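> build me a model:
(2 chains)
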Amino acid sequence: MNCKHITRHLSDYLDGKLDASLRQEVDAHCMTCARCREELALLKTYHSDMHGLNEVKAPVNFLEHVHARLEHPPQKKYTFLKNLLHTLFVPWWQKIPLEFLGTSAAVFVGMIVFHSLHSTHHLPPSPQEYALQQHEKDVPLSRPVAAARMQTEHLEKLGNRGNEKYMQQQLLPSSLPTKNNQWAQEVITHDVTVTKTDTKETAIPSAMPSDLNNDAATETSDARHRSWDEDESSLHDSTSVDQKIATSDLPETSSAFPSQRLMQIERASSAASHSSFEKKNERANVDYEVRCARFEMRCDRAVESPTQPFTISLVITSDAARSQLTALVESLHGTVLSVESSAMMIDLPTTNYAVFMQKLEHIGRASHSAFHPSLLEKKSVHIRIECVVEQ
Amino acid sequence: MDDTKQQSLNEDLEYVQQFQANNTAAFDALVVKYQHKIVDVCYRLLGDYEEANDCAQDTFVKAYRALHTFRCDAAFSTWLYCIAINTCKNKRASLSYHMEQIFVRIDSVRPDDDTQYVEIKDSINTSPAYAFEQQEKDQFIQKALNTLPAAYKQVLVLRDIKGMSYEDIAAITGDNLNTMKTKLVRARGKMRKALQEFFS
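Sure thing, here's the model as predicted:
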């Protein structure tokens, strides 16, 4: 038996609990091992010290105290409070850290829950969202346009900007029109119509540049657009207004001077549509600005493709600005490609773009979406200027 | 079991039976018989005479209220020690005890050490020098005991100071016999080291 086993049995040895054989072994080992012998001697000293400890006596009147306590048990004051404090803080080195951790976790979870609830349900709608909601309340959407709008908004949420293929896939399900570009342009044009519907001045027919000389196409397109953004009564009115503009009031020839034609369109459309849109004049200018912002956002999507025209929204205060605009384009070696009632398409050398934008500020408040870098590689850029007259 | 112990057990049994027969004077006899032992155990466990006295009184009050249900399966002394140890345990866990350990009342008349309550056992050597030496040793042992964990302190007090059997200690502490033995060995080792530190 080695020292480790002997040490383990020394306690029982002192208490006399070892059997005879083990006791003999311990004795024999301690005779030879000085270390175990010393350990045994120390234990014996300890044992004698503990046994020699004097007994603490109870006080003389202990019995009387017990009797008194039996007859009048001490009233426990603040028992509930003491129990509560005891439950919460004893032992403090265990309870306080645990309580701290628990409280921190609860606060953290609470903050997360509050933040998520606040961010999803309690945030007020942004100005654009508010304006769109108001507009959708007022104007019932036609079915294909509503579907297109939902898909476009879904695309915006995904944040997949500039992915033309993806955009086409999302915007063009099999049941919708076949020409991809036509559909995309239609979406944009509808947004333009939103802007114009809210203006106090005119109900301007929107048509793509290629459809400028095609009056029939313009009519159908306008009728379709107004079915989305106007109620039925105003639809009939505005359709008739457009027919008047397209058929009787304007010259059929496309060789007329663009600015002249623009002025004629403007005058005719404003005179004809003033009565039909009089009821809508209560709308605030703020609404108009908001819609315009939305319009730009949509254009930003379309302009990312360098094949499509870059769009500038110009807010002007007088009709004379149209002729200034034409003069400015010509002075910068640009050409006016087409003129619509509210928009004109120009071709401008890319090098003159910055100067054009500077000088445009003298005519009106111009706002434009981001200039696509790939446009700089071209010699000239096609710019579509959406003109909005502000009173 | 020696005769004195057997005689003591029989005496306890007689007192208990008398008490259960509505003789409250029998309880007084039990208090007088065990008061010093219970106070001593409480003092060794708590390290404070006033607290020990309070706990001992509580112990007897609890015993008085529960003695009617005592079935005499175990010795009365074992049962009483069990109550005393549990009372001390509760006292140590109580908030007021912790507060008193932290804050000392400024008007406290309690002496620094409780050696005045200690009775000198040895009647042969009653010289002042021996008494002083014995008191100092008791003080060191108590300080060493106070450093031990409560579980070790219990088995050490019951075995090495009160001289109880392993079985009784296991019954009082509620431990398995082997667990109790292991605790005792470890407690002795720790106590011996603590004593060495104090004496050195």
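> going forward, measure contacts between C-alpha atoms and count neighbours the same way
Fine.
> what stretches of the stretch 51-200 of chain A score poorly on pLDDT?
Scanning the stretch 51-200 of chain A for pLDDT under 70 picks out A:75-78, A:119-200.
> mind doing that once more with 80?
Across the stretch 51-200 of chain A, residues meeting the criterion (pLDDT under 80) sit at A:73-83, A:86, A:90-91, A:118-200.
> pick out the residue of it closest to chain B.
A:Val56 (4.4 Å; Cα to the nearest Cα).
> that residue: how many residues sit nearby?
A:Val56 has 24 neighbours, counted by other Cα atoms under 10 Å in any protein chain shown.
> equivalent analysis for the one 3 residues further on, please.
Look at A:Pro59: counted by other Cα under 10 Å, it has 15 neighbours.
> where does it land in three-state SS?
Going by DSSP: H, G, I helix; E, B strand; the rest coil, the secondary structure assigned to A:Pro59 is coil.
> so what pLDDT did the most centrally placed residue in chain B get?
With distances taken as Cα atoms, centre = their mean, B:Val41 lies nearest the centre of chain B, 1.0 Å away. In this model, B:Val41 is scored at 93, pLDDT.
> run the chain-centre distance for the helix or strand hosting B:Thr59.
According to DSSP states H and E, B:Thr59 maps onto helix B:49-66. Counting by Cα atoms, centre = their mean, to the nearest Å, helix B:49-66 is centred 11 Å from the centre of its parent chain.
> mind listing what's buried in the helix or strand just after that helix?
Downstream of helix B:49-66, the next assigned helix or strand under DSSP H and E is helix B:76-93. By neighbour count on 16 or more other Cα atoms under 10 Å in any protein chain shown, the buried set for helix B:76-93 is B:76-77, B:79-89, B:91-92.
> give me the contacts around helix B:76-93.
A:90-91, B:9, B:12-13, B:34, B:38, B:41-42, B:45-46, B:52, B:55-56, B:58-59, B:62-63, B:97-98, B:154, B:168, B:171-173 (Cα atoms under 8 Å, 6 or more residues apart in numbering or on different chains).
> extract the CA atoms of that helix and return them as PDB.
Extracted C-alpha coordinates of helix B:76-93, given in PDB (Å, rounded to 0.1, in the frame of the first residue of the first chain):
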ATOM      1  CA  PHE B  76     -34.100  12.600  20.800                       C
ATOM      2  CA  SER B  77     -30.600  14.100  20.800                       C
ATOM      3  CA  THR B  78     -30.200  13.300  17.100                       C
ATOM      4  CA  TRP B  79     -33.600  14.900  16.300                       C
ATOM      5  CA  LEU B  80     -32.700  18.000  18.400                       C
ATOM      6  CA  TYR B  81     -29.300  18.400  16.700                       C
ATOM      7  CA  CYS B  82     -31.100  18.100  13.300                       C
ATOM      8  CA  ILE B  83     -33.400  20.900  14.200                       C
ATOM      9  CA  ALA B  84     -30.500  23.000  15.500                       C
ATOM     10  CA  ILE B  85     -28.400  22.500  12.400                       C
ATOM     11  CA  ASN B  86     -31.400  23.400  10.100                       C
ATOM     12  CA  THR B  87     -32.100  26.500  12.200                       C
ATOM     13  CA  CYS B  88     -28.500  27.600  11.900                       C
ATOM     14  CA  LYS B  89     -28.600  26.900   8.200                       C
ATOM     15  CA  ASN B  90     -31.700  29.100   7.800                       C
ATOM     16  CA  LYS B  91     -30.200  31.700  10.000                       C
ATOM     17  CA  ARG B  92     -27.100  31.900   7.800                       C
ATOM     18  CA  ALA B  93     -29.200  32.100   4.700                       C
END
